[in-house]
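In: below is the sequence, then the predicted model.
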Amino acid sequence: MESLSGLTPLFEFSVIDLGLIILIFVWSGFVRSGLGFGGAALSLPLLLIVYDKPLFWLPIIGAQLLLFSAITLRTRITNVDWIVLRNTSVYILPAKLAGVLGLISLPTLWLVSLIYTITLIYGLLWVFNVKIRGGNGWVANLLLIIGGYFSGTSLTGAPPIVAVFTQRVKASQLRDTLFGLWFILVTIKLVTLALFEVNLQFVSTLILTPVAFIGHVLGMKAHKTMLNNDELFRRVLGGALTGICLLGLGSLAH
């Protein structure tokens, strides 16, 4: 594993980079609370363009997801479909642990390439309005395993999991159930990283959390509007993701 002691602290970024980071974290909070997922998938590729060290950004994103999930669920915990969470955890959790071990052991170049590639696939699916079908049976179980693994490596495993949950959970319970799942998965991830003595970037998290909270509040207010225009919203996001990931993969090739 690459030593983390040399990773650039947040206060050493340039003013321009700091401005971009602030905007990205506002965007991350907005998407996460607006859709119930996608905060990492839609922000991590951008953050990697600013600074290409996943193990610097992922603890920050994970801690914020943990906090905002708790805030959202504090008055809505009874709206979580715990039966679905229990039945799907047997597939998601082992894959999650395998993914976290991959995050720790994979070379940085491989991990960054994996993140861009996964996100590019999601972006193209959204652009062409291709829906991942979940439901029941082995296909659904495979989607849960894939989502769990990608969630472990990069926190970008939401779409396959959401594909299954949308067909098993009532629409009125979906977002809260997803937040319950993210809370569990991120807790596992952060604890595992801590056990492997990965720097969890507490200072950077404290600085950037109020920034992400601005986006969180805006996303909560925009939630209903985003759902009413879900297809258009995803196509626009998909196009942006596709461009960002192609740019990122191109920069890795040089």
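Out: Okay, I see it.
In: in which helix or strand would I find the closest residue to residue 212 other than its chain neighbours?
Out: In space, and not counting its chain neighbours, residue 212 is closest to residue 29: 3.8 Å by CB to CB, 6 or more residues apart in numbering. All C-beta spots, glycine's among them, are computed from the backbone N, C-alpha and C. Assigned by DSSP states H and E, residue 29 falls within helix 15-35.
In: circling back: what is the burial count for the residue nearest to residue 212?
Out: 28 (other CB atoms under 10 Å).
In: and it, what does it touch?
Out: By CB atoms under 8 Å, 6 or more residues apart in numbering, residue 29 lies in contact with 39, 64, 68, 211, 212, 213, 214, 215, 216, 217, 218, 219.
In: need the three-state assignment for the first one.
Out: The three-state label for residue 39, taken from DSSP: H, G, I helix; E, B strand; the rest coil, comes out as coil.
In: look up how far residue 91 lies from it.
Out: Residue 39 sits 23 Å away from residue 91, going by CB to CB, to the nearest Å.
In: comparing these two, which residue is more hemmed in?
Out: Using other CB under 10 Å as the criterion, residue 39 and residue 91 rank with residue 39 on top: 29 against 20.
In: just the helices in the stretch 51-200 of the chain please.
Out: Listed in chain order, the helices of the stretch 51-200 of the chain (DSSP state H, counting those that start in this stretch) span 54-73, 82-105, 108-127, 137-154, 158-168, 171-195.
In: pipe these into a markdown table and attach distance to residue 238 and mean pLDDT per row.
Out: Below are those laid out as a markdown table (distance: least, CB to CB, whole Å; pLDDT from 0 to 100):
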| stretch | distance to residue 238 | mean pLDDT |
| --- | --- | --- |
| helix 54-73 | 20 | 87 |
| helix 82-105 | 23 | 91 |
| helix 108-127 | 3 | 82 |
| helix 137-154 | 17 | 87 |
| helix 158-168 | 11 | 82 |
| helix 171-195 | 19 | 88 |
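In: indicate which one of those is closest to residue 201.
Out: For residue 201, the closest of the helices of the stretch 51-200 of the chain is helix 54-73, at 4.9 Å, according to CB to CB.
In: from the chain's centre, how far out does that closest one sit?
Out: Relative to the centre of its chain, helix 54-73 is centred 9 Å away, using CA atoms, centre = their mean, to the nearest Å.
In: same check, this time on stretch 163-177
Out: Here stretch 163-177 is found 17 Å from its chain centre; the criterion is CA atoms, centre = their mean.
In: need the CA coordinates for that stretch. PDB is fine.
Out: Taking Å, rounded to 0.1, in the frame of the first residue of the first chain, the C-alpha atoms of stretch 163-177 are listed here in PDB:
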ATOM      1  CA  ALA A 163     -31.600  -0.900  -9.300                       C
ATOM      2  CA  VAL A 164     -32.500  -3.800  -6.900                       C
ATOM      3  CA  PHE A 165     -33.900  -1.600  -4.100                       C
ATOM      4  CA  THR A 166     -36.200   0.300  -6.400                       C
ATOM      5  CA  GLN A 167     -38.100  -2.900  -7.200                       C
ATOM      6  CA  ARG A 168     -38.100  -4.200  -3.600                       C
ATOM      7  CA  VAL A 169     -38.700  -1.000  -1.600                       C
ATOM      8  CA  LYS A 170     -41.800   1.300  -1.700                       C
ATOM      9  CA  ALA A 171     -41.000   4.600  -3.400                       C
ATOM     10  CA  SER A 172     -41.900   6.500  -0.200                       C
ATOM     11  CA  GLN A 173     -39.300   4.500   1.700                       C
ATOM     12  CA  LEU A 174     -36.600   4.200  -0.900                       C
ATOM     13  CA  ARG A 175     -34.400   7.300  -0.100                       C
ATOM     14  CA  ASP A 176     -34.500   6.600   3.700                       C
ATOM     15  CA  THR A 177     -33.700   2.900   3.200                       C
END
